[in-house]
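> structure here, sequence nowhere to be found:
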Ligand code: G3P
Ligand code: CA
């Protein structure tokens, strides 16, 4: 049946390092993207949030305790929300030793430092606005941060940056501020709802379990705000056979904790 027919994409999907290379270095740190770079990973994904005093930092959880030593350093500050700490307080934290003693002293990066390192490494960035509902106005701040780091030029905007979020309202806000930026919606809207997303996003990025041949065709049938067909990047895929199956279904990107291994699996297929 047509439903079962694999559609081979004309080229392998792009492989994106989820939070850098967290199989080998602490997630969302400069060490993590450097490690990814050494392994040939050209695209990295991160998560951006805001401190109490308004600085943009790179971190996944909305609390500090899993990926830093916040609990030890600030024992009376539970539940250690990112938004309850100043940048100076966060910059004192160790964001490496929880992962491995070899990374002791690794810091939580500001978005600015992170963007500059991605550039230095000649990598490209899938930037996630994480829980933007907690940080009113963060879309404008992200635009300002991108501008300051030199990321609003043609080179970055057209080929080196996608901003994604689970929050469609936030993506719409960003699209109105900067219609030239490429955006991705995290989720798997039903076929009947896809058209409304195509007004402001260029990518639909689902959990891999949601990807079916029919859904891929429905997404690929639509054009985004920049006149190109919508793309699909699936997450989080750490199994080579699964990545190959997704490539055969025609997905455009694969987000992985072990991106170099997934790239190898795709090469071998
Ligand atoms: O890039 C997709 C993925 O990062 C979304 O989930 O929780 O890892 O941010 P999460
Ligand atoms: Ca993420």
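Received the coordinates, thanks. These figures come from a predicted structure and were not determined experimentally. Ligands and ions are numbered 1, 2, ... in the order given.
> drop to CA atoms for contacts and neighbour counts, all remaining ones
Noted.
> just checking, residue 186 touches residue 163?
No - taking C-alpha atoms under 8 Å as the definition, residue 186 is not a contact partner of residue 163, at 10.3 Å.
> who's more crowded, those two?
residue 163 (24 against 21; other C-alpha atoms under 10 Å).
> tell me the secondary structure for that one?
strand (DSSP: H, G, I helix; E, B strand; the rest coil).
> now residue 60, nearest residue through space, not along the chain?
residue 47 (5.2 Å; C-alpha to C-alpha, 6 or more residues apart in numbering).
> any low-confidence regions in the chain?
Applying pLDDT under 70 to the chain picks out residues 1-10.
> for it, which residue occupies the most central location?
For the chain, the residue nearest the mean C-alpha position is residue 45 (3.2 Å; C-alpha atoms, centre = their mean).
> host element of that residue?
Element membership of residue 45 [criterion: DSSP states H and E] is strand 43-50.
> in the stretch 1-150 of the chain, which spans are helices?
Ranges of helices in the stretch 1-150 of the chain, per DSSP state H, counting those that start in this stretch, are 30-38, 70-73, 87-91, 111-120, 138-148.
> out of those, which is the most enclosed?
helix 30-38 (a mean of 22; mean count of other C-alpha atoms under 10 Å).
> now do that helix: distance to the chain's middle.
Relative to the mean C-alpha coordinate of its chain, helix 30-38 is positioned 15 Å out (C-alpha atoms, centre = their mean, to the nearest Å).
> other SSEs contacting it?
If contacts are counted by 3 or more C-alpha pairs under 8 Å, 6 or more residues apart in numbering; DSSP states H and E, helix 30-38 sits against helix 111-120.
> how about 10 Å then?
strand 14-18, strand 43-50, helix 111-120, helix 259-268 (3 or more C-alpha pairs under 10 Å, 6 or more residues apart in numbering; DSSP states H and E).
> distance to residue 209 added to those, as CSV?
Formatted as CSV, the helices and strands packed on helix 30-38 follow (distance: least, C-alpha to C-alpha, whole Å):
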stretch, distance to residue 209
strand 14-18, 17
strand 43-50, 20
helix 111-120, 30
helix 259-268, 17
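> if we can go back for a sec, how many residues are close by the residue nearest to residue 60?
Neighbour count for residue 47, taken as other C-alpha under 10 Å: 23.
> can you check residue 189 too?
Going by other C-alpha under 10 Å, the residues that sit close to residue 189 add up to 18.
> among the helices and strands packed on helix 30-38, which is nearest residue 79?
With C-alpha to C-alpha as the criterion, residue 79 lies closest to strand 43-50 of the helices and strands packed on helix 30-38, at 16.0 Å.
> isn't residue 114 right up against residue 45?
No - Residue 114 lies out of contact with residue 45 (C-alpha atoms under 10 Å); the separation is 11.2 Å.
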